[in-house]
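Colleague: what follows is a protein structure lacking sequence information:
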């Protein structure tokens, strides 16, 4: 018994020492030349935690300006929400590496399925002013536990003030069950020369500090393409969360100078992994037509008519 107790104490001591290892507060170096405006990114999603198996979940990203990202994403195999397609436009404030405006709208197929513990906004506008501290959110919400909200979403709106003196403590990334738009934009500015960095992130309903650790160079192949990449991992910084929590891995392309996201693997519940399938130049008018094509092909039979009431 004493021998087992000693081993346990040594193990915990080792973890405590590792937690105290120096980690720099992450410092991004924004370079507008790394924002490849006018390129389409297509990512394929997988919910198989043993090996990547592309399903029907896809995300499309298109930079219309160095601070503005438009997205289209849909899923028909997400374990929580299926049969929903979303458009969004998000504008970054590069002074703080945070979104200052988000406008999105979702469309529900006639076969849409929500887990009872799942919820999602179907129409939302968020605006944050990092100079005055004023923030505003207007959203229409649907919940799996309330089937009537599928056709008549609940309307929510709120205003609040940002604590400007605590901006550095706010979560830079909020992870859910896909690639966050902010992560797609900001991750290309991670510095691999900083071997271990600390940054605030959020997952589900809690916020924590996470270590971002550069691991190694690695070559990835998918969809007939190959990328030389820098591999990073992210893990919770707290002692117990490091023991019980899950990790997140991401790979950034290393040769072009853009350092764009190639693979994203989140081992938190629900597990999900996204892999870049293609990156191609596209004009703005082509992107507008492409969005409509994706919407038509995802649900040829159309979408549920949603009533938005004030």
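Modeller: Good, I have the coordinates. Note that the structure is predicted; figures quoted are calculated from it, not measured.

Colleague: where in the stretch 1-150 of the chain is pLDDT low?
Modeller: Flagging of the stretch 1-150 of the chain using pLDDT under 70 yields the residue ranges 1-27, 77-78.

Colleague: and the helices in the stretch 1-150 of the chain?
Modeller: Listed in chain order, the helices of the stretch 1-150 of the chain (DSSP state H, counting those that start in this stretch) span 2-19.

Colleague: list the residues that contact the closest residue in space to residue 223 that isn't next to it in sequence.
Modeller: In space, and not counting its chain neighbours, residue 223 is closest to residue 277: 4.6 Å by CB to CB, 6 or more residues apart in numbering. Placement of C-beta: from N, CA and C, glycine included. Residues near residue 277 by CB atoms under 8 Å, 6 or more residues apart in numbering: 42, 43, 44, 222, 223.

Colleague: any idea how far residue 277 is from residue 286?
Modeller: Computed as CB to CB, to the nearest Å, the residue 277 to residue 286 distance reads 18 Å.

Colleague: how about residue 140?
Modeller: Applying CB to CB, the value for residue 140 to residue 286 is 30 Å.

Colleague: more crowded one of these two?
Modeller: residue 140 (22 against 14; other CB atoms under 10 Å).

Colleague: pretty sure that one contacts residue 119?
Modeller: No - the criterion here is CB atoms under 8 Å, and residue 140 misses it with residue 119 at 11.4 Å.

Colleague: circling back to that earlier point, closest to residue 295 among the contacts of residue 277?
Modeller: Comparing these against residue 295 with CB to CB places residue 42 closest, at 15.1 Å.

Colleague: find the nearest non-adjacent residue to the most centrally placed residue in the chain, please.
Modeller: The chain has residue 180 as the residue nearest its centroid, 1.7 Å off, counting by CA atoms, centre = their mean. Once flanking residues are discounted, residue 180 sits nearest to residue 173: 5.5 Å by CB to CB, 6+ apart.

Colleague: quick one: contacts for that neighbour?
Modeller: Taking CB under 8 Å, 6+ apart, we find residue 173 in contact with 180, 182, 183, 186, 199, 201, 202.

Colleague: the fifth one: which element?
Modeller: Looking back up the chat, that one is residue 199. For residue 199, the host element (DSSP states H and E) is strand 196-203.

Colleague: helices or strands next to that strand in the packing?
Modeller: On a contact count with 3 or more CB pairs under 8 Å, 6 or more residues apart in numbering; DSSP states H and E, strand 196-203 meets strand 24-25, strand 173-175, strand 206-222.

Colleague: closest one to residue 149 among these?
Modeller: Nearest of those (CB to CB): strand 173-175, 22.4 Å.

Colleague: in its sheet, what does that closest one sit against?
Modeller: Here strand 173-175 is paired, per DSSP bridges, with strand 196-203 (parallel).

Colleague: okay, the angle between the partner strand and strand 206-222?
Modeller: 110 degrees (axes from the mean of the first three to the mean of the last three CA atoms, to 10 degrees).

Colleague: all further residue positions should be reported with the first residue as 59.
Modeller: Got it, first residue is 59 now, which makes that one strand 254-261.

Colleague: gap between strand 254-261 and the chain center?
Modeller: 13 Å (CA atoms, centre = their mean, to the nearest Å).

Colleague: same thing with stretch 304-322?
Modeller: Using CA atoms, centre = their mean, the offset of stretch 304-322 from its chain centre is 13 Å.

Colleague: in it, which residues are buried?
Modeller: The neighbour-count check on stretch 304-322 (16 or more other CB atoms under 10 Å) flags 305-312, 316-322 as buried.

Colleague: filter the residues you listed down to the ones in strands?
Modeller: In this view, the buried residues of stretch 304-322 that belong to strands under DSSP state E are 306, 307, 308, 309, 310, 311, 319, 320, 321, 322.

Colleague: list the residues that contact the nearest residue to the second one once chain neighbours are set aside.
Modeller: This means residue 307. In this structure, residue 307 finds its nearest non-sequential neighbour in residue 323, 4.4 Å apart by CB to CB, 6+ apart. Residues near residue 323 by CB under 8 Å, 6+ apart: 306, 307, 308, 331, 332.

Colleague: what's the closest of those to residue 147?
Modeller: Among those, residue 332 lies closest to residue 147 (CB to CB), at 20.2 Å.

Colleague: who's in contact with that closest one?
Modeller: Contacts of residue 332 by CB under 8 Å, 6+ apart are 101, 102, 103, 104, 115, 117, 236, 237, 321, 322, 323.

Colleague: 10 Å instead, please
Modeller: 101-104, 110, 112, 115-117, 131, 236-237, 242, 308, 319-324 (CB atoms under 10 Å, 6 or more residues apart in numbering).
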